[in-house]
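Q: Please find the sequence and the predicted model below.
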Amino acid sequence: MKSWLFILCTTPVIHCASSFGQYIYILPSPFHQNKEIATVRKKSYSYRASRVLFSDLRGGGNENVGSSECIGSAAPKKENNKKDESLGISLSLFITYLTVMAAKCALPSTLAILSSADSGLIHQSTTLTRDNVISRLLALSTLSIAAGKIFLGPVIDSLGGIKSLQITLSALAVCLGSIGSARTCRTLSALAIYIIIVDFGFSSFWAACVKTIREYTEENRWSNEIGRLAMAARLGNAISFAFFAWLLHVSRGVDASWRWVYRASGAIQLVPLGMLTYFGRKGRDDLAIQVESNNAEQTTTRSSPMVSLGILRRQASKPEFWLHLISRTITMVLVSFLLFIPTFMAQCYEMSTASAARVGSMFALGCLASVSTLAAETYPSSDSAQIQSLLQSNNDQSLSPIYKRKACFMAMFLALSTGCLSMQMLYLNNIINLSSTLGSILIFLWGFSLAIPFYLPSSMFSLKRGGKEGAATIADAFDVSGFGLLAVFNGFVARVIGVKGDLNSMLVLRKKAWIPVFSLMLGGSIVAMFSLFSAVWIEGERDLKSN
């Protein structure tokens, strides 16, 4: 079983690594770049021609040079190096989101230890118990994420994606490392402060990654990049829970074992930080050439927060924005039900704790399977150049099915989600009987159906409509309402489980306790299906008219 899970978890990583690895080895070193520039100057080319070659080697813009020989040799090098830079950024974003989502699992992995006196953390409050402090910590961390979603979007658009990621990764490494040190984190209050700061930073990563994709990646690759980020998120969750469990086991007896989880979480942030610094740096010569270049579209755009908010206001006046927001909010709640799947399976299917936890992994594997195989096929990027060529050739019929197919695929995914939830509802109402195996298969299919509708449509809308000045702001705006509804929903589920769903009650009563929860999710899945279908359809119609 362990080897089977290992193969399932590592196959997507190997697939991604192989697609990236074939390009990384041809990245030119600074020594070879300088040597080639010197060779150009030795052959008595003009200084301007050498600057063109330097620009092309580093991925900069073209210069208008009269020498056909220089242009002929520089053009293919420009394309190759631009492709290498884009792939390097893509790999950096994948590793960034993988390590960030892995670190996100540090608190759930150690929560039981932190709430006990054996943690070694000093409890100073005389009015609150340790459990009350941890409960308030979780509530404040959720508010911290919501606050980050509200305020950080325009800041990310102003600073740029890579710079925002570098700042946040540095802060993350420092805070997590501080939690891992007994000198800097001695009390529960200190732990709460660090966790709140960490979650505030966590809230910015998705928007910063979307911003970076908008800055460095061509439009026809946006779907693949969003799909890779979704894969990184699920892989980070799956790998980190297994790794942290092993780390807690092997570090027993070495000071406080739980601190090693945070030490490791902080240390791994240095890997994407170094990669982003290497692939994302821009020298002064590159900047000067980009300023002089006629192709201003290739430069990384910065904006002020007011410009980003202005873009958000314009998009908020359109119906497709609100339809995307509704579907993103609902699917966020459905995807986050992963936290309660082990409890649901244990109570309603009478599974053991270990078996119920494996069903939670099956939900994550379902999400991973869909985004790793069907993302680009079911929700392809809309290539503006292709749209223009089709319109110029008066071939509107071949263009119009693009958005119609995407809308139908999204409706099909959410129809599958609705079907899985309907089967669970029939089981909870004792209309049909399901074995634990069939229930687990339904959970896998449910995860398979939710991942692409959750990750791709709203992110692609943010990239396209937000542009380089407002992509992060729109992406964060979609998540604000999602986190608000998620906080209310999680509280409702926790109350239902705590009051009516204890393991000592009869199976019929335990199943009955979950009926309101699944009724809400079933209704939400139906609403999300219609809203997402309408959003993609209206968005495609508007894009077709505007072109």
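A: Yes, it's here.

Q: quick one: the strands in the stretch 351-500 of the chain?
A: Here the stretch 351-500 of the chain has no strands by DSSP state E, counting those that start in this stretch.

Q: Residue ranges in it under the pLDDT threshold?
A: 353-354, 382-401, 497-500 (pLDDT under 70).

Q: Check which residues of stretch 412-422 are buried.
A: 413-414, 416-421 (16 or more other C-beta atoms under 10 Å). Placement of C-beta: from N, CA and C, glycine included.

Q: what does stretch 430-439 give?
A: Using 16+ other C-beta under 10 Å as the test for burial, stretch 430-439 gives 434, 436, 439.

Q: Can you list the low-confidence ranges for the chain?
A: For the chain, applying pLDDT under 70 flags the ranges 1-85, 112, 126, 252-256, 282-303, 353-354, 382-401, 497-505, 547.

Q: Can you show me the strands along it?
A: With DSSP state E, there are no strands along the chain.

Q: My read is that residue 525 contacts residue 330, right?
A: Yes: because the distance of 7.3 Å satisfies C-beta atoms under 8 Å, residue 525 is recorded as touching residue 330.

Q: thinking again about what came up before, make CSV out of the buried residues of stretch 430-439 and add distance to residue 222.
A: Formatted as CSV, the buried residues of stretch 430-439 follow (distance: C-beta to C-beta, whole Å):
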residue, distance to residue 222
434, 39
436, 40
439, 36
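
Q: Mind checking which of these are in helices?
A: 436, 439 (DSSP state H).

Q: Out of the buried residues of stretch 430-439, which comes closest to residue 120?
A: The nearest member of the buried residues of stretch 430-439 to residue 120, counting by C-beta to C-beta, is residue 436 at 39.3 Å.

Q: residues in contact with that closest one?
A: Applying C-beta atoms under 8 Å, 6 or more residues apart in numbering to residue 436 gives the contacts 345, 349-351, 355.

Q: which of the residues you listed tops the neighbour count?
A: Using other C-beta atoms under 10 Å as the neighbour test, the contacts of residue 436 are led by residue 345, with 24 neighbours.

Q: Quick check: that residue vs residue 437, distance?
A: 11 Å (C-beta to C-beta, to the nearest Å).

Q: Ok, residue 231 next?
A: Taking C-beta to C-beta, one finds residue 231 at 27 Å from residue 437.

Q: ok, now residue 92?
A: Where residue 437 is concerned, residue 92 sits at a distance of 41 Å (C-beta to C-beta).

Q: Just list the residues touching the residue nearest to residue 121 when sequence neighbours are not counted, thanks.
A: Distance criterion C-beta to C-beta, 6 or more residues apart in numbering; nearest residue to residue 121, sequence neighbours excluded, is residue 188 at 5.0 Å. Going by C-beta under 8 Å, 6+ apart, residue 188 touches 114, 121-125, 130, 133-134, 137.

Q: so how many other residues sit close to the residue nearest to residue 307 when sequence neighbours are not counted?
A: Distances taken as C-beta to C-beta, 6+ apart place residue 469 nearest to residue 307, at 5.3 Å, with adjacent residues excluded. Residue 469 is flanked by 20 other residues according to other C-beta under 10 Å.

Q: and what of residue 158?
A: Counted with other C-beta under 10 Å, residues neighbouring residue 158 total 19.

Q: Would you mind measuring from it to residue 412?
A: Taken as C-beta to C-beta, the span from residue 158 to residue 412 is 39 Å.

Q: One more: residue 483?
A: Residue 483 is 27 Å from residue 412, by C-beta to C-beta.

Q: And residue 363, how far from residue 315?
A: Going from residue 363 to residue 315 by C-beta to C-beta gives 32 Å.

Q: Tell me which of these two has more neighbours.
A: residue 363 (24 against 20).

Q: okay but the more buried one is in contact with residue 338, surely?
A: Yes: counting by C-beta under 8 Å, residue 363 does reach residue 338; the two are 5.4 Å apart.

Q: Touching both of those two, which residues are there?
A: Common contacts of residue 363 and residue 338 (C-beta under 8 Å, 6+ apart): residue 447.

Q: The stretch 101-250 of the chain: helices as residue ranges?
A: Along the stretch 101-250 of the chain, counting by DSSP state H, counting those that start in this stretch, helices occupy 106-114, 130-159, 161-179, 188-202, 205-216, 222-250.

Q: Need the winner for burial among the ones you listed.
A: helix 205-216 (a mean of 27; mean count of other C-beta atoms under 10 Å).

Q: Alpha carbons of that helix, as PDB, please.
A: Taking C-alpha atoms only, helix 205-216 is exported to PDB below (Å, rounded to 0.1, in the frame of the first residue of the first chain):
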ATOM      1  CA  PHE A 205       1.000  33.400  -2.700                       C
ATOM      2  CA  TRP A 206      -1.800  32.500  -5.200                       C
ATOM      3  CA  ALA A 207      -2.200  36.100  -6.400                       C
ATOM      4  CA  ALA A 208       1.500  36.600  -6.600                       C
ATOM      5  CA  CYS A 209       1.900  33.400  -8.700                       C
ATOM      6  CA  VAL A 210      -0.900  34.500 -11.000                       C
ATOM      7  CA  LYS A 211       0.800  37.900 -11.300                       C
ATOM      8  CA  THR A 212       4.100  36.300 -12.200                       C
ATOM      9  CA  ILE A 213       2.400  34.100 -14.800                       C
ATOM     10  CA  ARG A 214       0.900  37.200 -16.400                       C
ATOM     11  CA  GLU A 215       4.200  38.900 -16.500                       C
ATOM     12  CA  TYR A 216       6.500  36.100 -17.800                       C
END
